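Visitor: 3D, please:
(3 chains)
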Amino acid sequence: MRVADTVAALCVTLTGVITIALSRQLPYNAKFGPGAGFLPFWLGVTLVILSFFLLWNALKSARSAGSDADQPAPFLDFQPGALGPWLVFFISTVAVSVLFDHLGFFLSIALFMFVTMRWVAKQSWLATIALTIATPILLYIGFVRFLMVPFPLGPGTLF
Amino acid sequence: MTTKPSLLRNWVMPLVALLAVGMAFTGRSGSAAGAWQLPDNYPDQPIEFVVQYAPGGGSDNFARMIASVMEKEGIVDGAINVVNREGGSGSIGQAYVASKEGDNYTLMTMTSGLVTEPLVLDLEHNWEDFTPIARLAADQLLIVVKADSSYKTIDDLMKAAKANPDDVSWGGTGLGGEDSLLLGQLEQASDSSFNYISFESGGEVQVALLGGHIDVASANPNEVIGQLEAGELVPLAVAGDKRLEQLPDVPTLQEKGFDVLYQQDRGVVGPPGMDPEVAQFWADALKTMSETETWKTEYLDKNMLNDAYLGPEDFAKHMAEQTEKTKALLDEMGFTAES
Amino acid sequence: MFDVLQNLAHGFSVALTPTNLMFAFAGVMAGMIIGALPGIGTVVGVSLLLPLTYGMDPTTAIIMLAGIYYGAQYGGTITSVLINMPGESATVATTLDGYQMARQGRAAKALGIATIGSFIAGTFGVIVVTLLSPILANFALQFGPPEYFALVLLGFTALGAVSGNSLAKGLTSVVLGLLISTIGLDIMSGRPRFTFGYDWLLGGFGFIVVAIGVFGIGEILDGMMLPGGHPIIKTSLSWRNSIPSAAEWARSRMAIVRGTLIGLIIGILPGAGSTLASFIAYSVERNASKHPEEFGKGAIEGVAAPESANNSASAGAMIPLLTLGVPGSGTTAVLLGGFLLWGLRPGPLLFTQNPEFAWGLIASMYIGNIMLVLLNIFAIPVFASMLWIPYGIQAAFVVLFAILGAYSLNNNPFDIVIMVAFGLLGFAMKRLDYSAAGLILGLVLGPLAEKSLRQSLTLSHGDWSIFFTRPVSGALMVLALLALLWPLARKALTRTPGGSGGLRRNTGELQFAGGEE
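Guide: Just a heads-up that it's a prediction; the model follows:
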């Protein structure tokens, strides 16, 4: 956890520094009062200051930690057997978000359901296939027919 | 989990994936190939009428009104579906329509922002990327004060602004937007200087004006009609070239000797490379629509707008002129495009 | 007074016709279901359902629309409590204690107190709208830019309440939220900020896209690290379970009263809205409570206060809408669009020109509230049964609804990618104990704070005293300072070191160290 906290604190420092640098390109003052760069500049400064506290806390908590019970959970502590499904789920989520526009409504939802139901929710093949087919159809009726959201439907409209 | 269904895993998955990719490609093709002919029963598919701003706003109201009058009067057969694709100051909807090159079933609303914003913000798309169809109305900006204001006429106001530069506060929406462009013209024409306060929406400007937090504001007539009728706000002048029919006593700025003309256009454009025949089809349909009684009473009168129909060529010419004028104005205001 | 009652009676005669009653019920029902879908909150719900009302008689249409507005508000609470995913900014404060209650097996109780609080607040709000609209509209006009700025400062006092174990981490979250809020077109200078030349960034990141990602996706990714998700005790599915016990009622009673009043006052101000109200109500409740240490760990007042506040605020938001014609929030802006399309123009003359419509609407708000409380009490077990669905399936559906919700907002496929990216940020923040609610606090209040600050200083030609010389603004500034100092003062008075030090989960050690000194 100390490592993760330290890395996070350094990310905050970096964000702060970048913000300060970028905000210098915006006018700090307007004709009257603060300009476009005023708030971002001070937000950047605040982030840098806060990051010192975060860093300090991260290092201190590492030193003062006595027993294991006081230690917070490490950044990535997968329970036994959880890592595989988590990765499948994570990759499916990222994939469906990127592919939604290309594959269209039916296909992307069906693929997502198929993969997650089988390998994450560990459903039987029958349940997996039933959910894979039923979900896009039900969502289609609700969102496209009833609410008229113009989703890219894409191929699979034939299903 | 058992590993029994290896057949399924080895065969069904790849097959599904293959099928998916195949269908993705077949789904993509099919449009934009070969010469397109205007079908006799055009529009033979539903029309997507894109509004690049939020539901409930001026453009949304405009588009929905068009769709409903077209349907009520039976001008066009087939559905016109109004779809809001808002965000990014209209640029998200504009990028969407710009990507539909050659599509004959998509329309988009146009406001003066499509002309001015690309100049202020260095946007990717401006009006030249789209197919001009028609201008339907022009919003004449009004200069309004609170009923108990010490400025009774536009002359009172200008005198005060000249006597005490930067003391009179003027509310409007966004710097670089229509209100600030109007004020820029007025300041130049009268050699005065106001303290411009920028707000997020016309509603916020109105509340600040009613509460006496700002001295004067510019507003689209339809935003303030309720307050004008109730006598809470008083119009001092109109920024158009002629007086409003509904407010015959309110002078134009030009009458008062200020060389200012600012009106906000409302029109319809198509995607880039729309078939000229289709553009003409919609220009004619919109002309017919704009002459109906329903359109005049339900839209123009209710929103204090003047009928300002322009067909495709005149519309394009008008936008080109506006671009030049705005460029010159922005230069003088010291406002340059920055990204 | 008599006039008002007569008008209201007339309104009821309009609202109680079978057709209108039926559409009110349909609206309430549809709104509640839409609001209860994860990823779809009030604004999206109302704008999606708006087209369904086209082609109806205006009064009927508006009655249905108002039903949707109220129903979605109630429904939005459900996902906040059950799966820690607020569908709109006004229910973010509810997640702090609501989700904790759900994990302790008190989901039905949390939803129950939210319903009761909402009903009381909503009904009281409508009574106030009925009787005092014109007076309160004038009150709202007293608020200029300096007053808004002072009010937002008061909202930021919720910072202590949202920051959890570590103040430094809480503050960092809020500052990050503020920073995200600066992305996009800066309306004060007309310049883009941090858009790197991308046009689609001009509008900034939509709140809903960020919230669905940080809360919904972040929570799911975190939960998936345990097989079966976060340990959550499943509520028994009896509707009696949602009725608070006498002790719980005693704790929530005053929270509801305070939440209602705070919500009403802030809801009337256009632009401030129910989010600010719910955060202020939460922080006031935490400060007023005898056991502030229970907040964030499933305190029932922590649900009652913000839920009452956001409901009375949404009733209050009808005041500027109806009397000034100015929408106070994203949702009321959509309602205004509906009004205009019906050819009705809200404003000072609405009540005289269209009394049928105005009073019919107000009467339907009473009826809608009663329908919702009945509907909710019986629907809570149904919704709570969501928790019985196996976690993997639940997670998949949350992701699907999040994707559909993110897209529906602007019909923009790129929003889905942004949403998932914020999901990763939310996951990291959760693992590292940074406050997601803090991020949202900064994101929602940031634009209001910056805008009002800069407007005020433009008005005063750069003179900062404008915040203190105006009476309302000055008073609010003093209140904000007091609210910031109060937790410290109380700590000094009671002489028990609280658990808000820099260390995480080490409160035991800290207290020991404090005792030695």
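
Visitor: Please name the residues that touch the residue lying closest to B:Glu277 once chain neighbours are set aside.
Guide: Nearest residue to B:Glu277, sequence neighbours excluded (CB to CB, 6 or more residues apart in numbering or on different chains): B:Leu38, at 4.7 Å. The way it works is simple: take the backbone N, C-alpha and C, and place the C-beta from them, glycine included. Applying CB atoms under 8 Å, 6 or more residues apart in numbering or on different chains, we find B:Leu38 in contact with B:Asp275, B:Glu277, B:Val278, B:Phe281.

Visitor: Which residue ranges make up each domain of chain A?
Guide: For chain A, automatic domain parsing gives the domain ranges A:2-70, A:83-146.

Visitor: Can you give me the pLDDT of the residue nearest in space to the middle of chain C?
Guide: Nearest residue to the geometric centre of chain C (CA atoms, centre = their mean): C:Ala90, 1.0 Å. On pLDDT, C:Ala90 comes in at 86.

Visitor: How many residues are close by A:Ile137?
Guide: When neighbours are counted by other CB atoms under 10 Å in any protein chain shown, A:Ile137 registers 13.

Visitor: secondary structure element for it?
Guide: helix A:125-139 (DSSP states H and E).

Visitor: can you check C:Thr95 too?
Guide: helix C:92-103.

Visitor: For that helix, which helices and strands make contact with it?
Guide: Applying 3 or more CB pairs under 8 Å, 6 or more residues apart in numbering or on different chains; DSSP states H and E, we find helix C:92-103 packed against helix C:58-83, helix C:107-141, helix C:159-162, helix C:273-288, helix C:301-316, helix C:436-459.

Visitor: if I look at the closest residue to C:Gly426 other than its chain neighbours, how far off is B:Gly273?
Guide: Closest residue to C:Gly426 apart from its sequence neighbours, by CB to CB, 6+ apart: C:Gly218 at 2.3 Å. For C:Gly218, the distance to B:Gly273 equals 43 Å [CB to CB, to the nearest Å].

Visitor: Neighbour count: the two, which is higher?
Guide: C:Gly218 (24 against 15).

Visitor: which ones are touching the more buried one?
Guide: C:Phe422, C:Gly423, C:Leu424, C:Leu425, C:Gly426, C:Phe427, C:Met429, C:Lys430, C:Ala436.

Visitor: now do 10 Å
Guide: Contact analysis of C:Gly218 by CB atoms under 10 Å, 6 or more residues apart in numbering or on different chains lists C:84-85, C:212, C:422-431, C:436.

Visitor: where in chain A is pLDDT low?
Guide: A:1, A:62-74, A:156-159 (pLDDT under 70).

Visitor: Going along the chain, name the helices of it.
Guide: Secondary structure of chain A by DSSP state H: the helices cover A:2-23, A:38-64, A:83-119, A:125-139.

Visitor: among those helices, which is the most enclosed?
Guide: Of all the helices of chain A, helix A:83-119 has the most neighbours on average by mean count of other CB atoms under 10 Å in any protein chain shown, namely a mean of 21.

Visitor: other SSEs contacting it?
Guide: The elements that helix A:83-119 packs onto, with contact taken as 3 or more CB pairs under 10 Å, 6 or more residues apart in numbering or on different chains; DSSP states H and E, are helix A:125-139, helix B:13-28, helix C:218-223, helix C:391-410, helix C:414-431.

Visitor: chain center to it, what's the gap?
Guide: Put simply, helix A:83-119 sits 15 Å off its chain's centre (CA atoms, centre = their mean, to the nearest Å).

Visitor: angle of it against helix C:414-431?
Guide: 140 degrees (axes from the mean of the first three to the mean of the last three CA atoms, to 10 degrees).

Visitor: Looking at chain B, which strand is longest?
Guide: strand B:131-140 (DSSP state E).

Visitor: which element follows that one toward the C-terminus?
Guide: Counting by DSSP H and E, the element after strand B:131-140 in chain order, helix or strand, is strand B:142-146.

Visitor: Tell me how far that next one lies from the chain's centre.
Guide: 22 Å.

Visitor: mind listing what that strand pairs with, with the direction of each?
Guide: strand B:216-219 (antiparallel), strand B:233-238 (antiparallel) (DSSP bridges).

Visitor: what comes up buried for it?
Guide: Residues of strand B:142-146 classed as buried: B:Leu142, B:Ile143, B:Val144, B:Val145, B:Lys146 (neighbour count, 16 or more other CB atoms under 10 Å in any protein chain shown).

Visitor: For the fourth one, give the beta-bridge partners.
Guide: Spelled out, that is B:Val145. B:Val234.

Visitor: how much space between B:Leu119 and B:Val268?
Guide: Per CB to CB, B:Leu119 is found 21 Å from B:Val268.

Visitor: Comparing the two, which residue is more hemmed in?
Guide: Taking other CB under 10 Å, B:Leu119 and B:Val268 do not tie; B:Val268 has more neighbours (25 against 21).

Visitor: now the strand or helix carrying that one and strand B:131-140, what's the angle there?
Guide: Following DSSP H and E, one finds B:Val268 within strand B:263-270. Per the same axes, to 10 degrees, the angle that strand B:263-270 makes with strand B:131-140 is 160 degrees.

Visitor: picking that back up, enumerate every residue touching the residue nearest to the centre of chain C.
Guide: C:41-42, C:73, C:76-77, C:80, C:263, C:267, C:273-279, C:306-307, C:309-311, C:313-314, C:329, C:331, C:444.

Visitor: Quick one: end-to-end length of stretch B:222-242, please.
Guide: This stretch, stretch B:222-242, spans 17 Å end to end (CA to CA, to the nearest Å).

Visitor: Show me what counts as buried in that stretch.
Guide: B:222-228, B:230, B:232-240.

Visitor: Run a quick neighbour tally on A:Arg24.
Guide: Neighbours around A:Arg24, by other CB under 10 Å: 12.

Visitor: Could you measure from it over to chain C?
Guide: Using CB to the nearest CB, to the nearest Å, A:Arg24 is found at 12 Å from chain C.

Visitor: Now do the contacts for that residue.
Guide: A:Gly37, A:Pro40, A:Phe41, A:Gly44.

Visitor: mind checking how far the last one is from chain B?
Guide: Right, the one you point to is A:Gly44. For A:Gly44, the distance to chain B - CB to the nearest CB - is 20 Å.

Visitor: these two touch, right, that residue and A:Phe38?
Guide: No. With contact defined as CB atoms under 10 Å, A:Gly44 does not count as touching A:Phe38 (11.2 Å).

Visitor: so what's in contact with these two at the same time?
Guide: Counting by CB under 10 Å, 6+ apart, the contacts common to A:Gly44 and A:Phe38 are A:Ser23.

Visitor: Let me know how buried A:Leu153 is, in neighbour terms.
Guide: For A:Leu153, the tally of surrounding residues (other CB under 10 Å) stands at 15.

Visitor: Next: A:Arg145.
Guide: The burial count assigned to A:Arg145 is 9, neighbours taken as other CB under 10 Å.

Visitor: try B:Ala219
Guide: 26.

Visitor: in what helix or strand does the closest residue to B:Asp156 other than its chain neighbours lie?
Guide: Closest residue to B:Asp156 apart from its sequence neighbours, by CB to CB, 6+ apart: B:Ser150 at 7.2 Å. B:Ser150 is located outside every helix and strand, with elements delineated by DSSP H and E.
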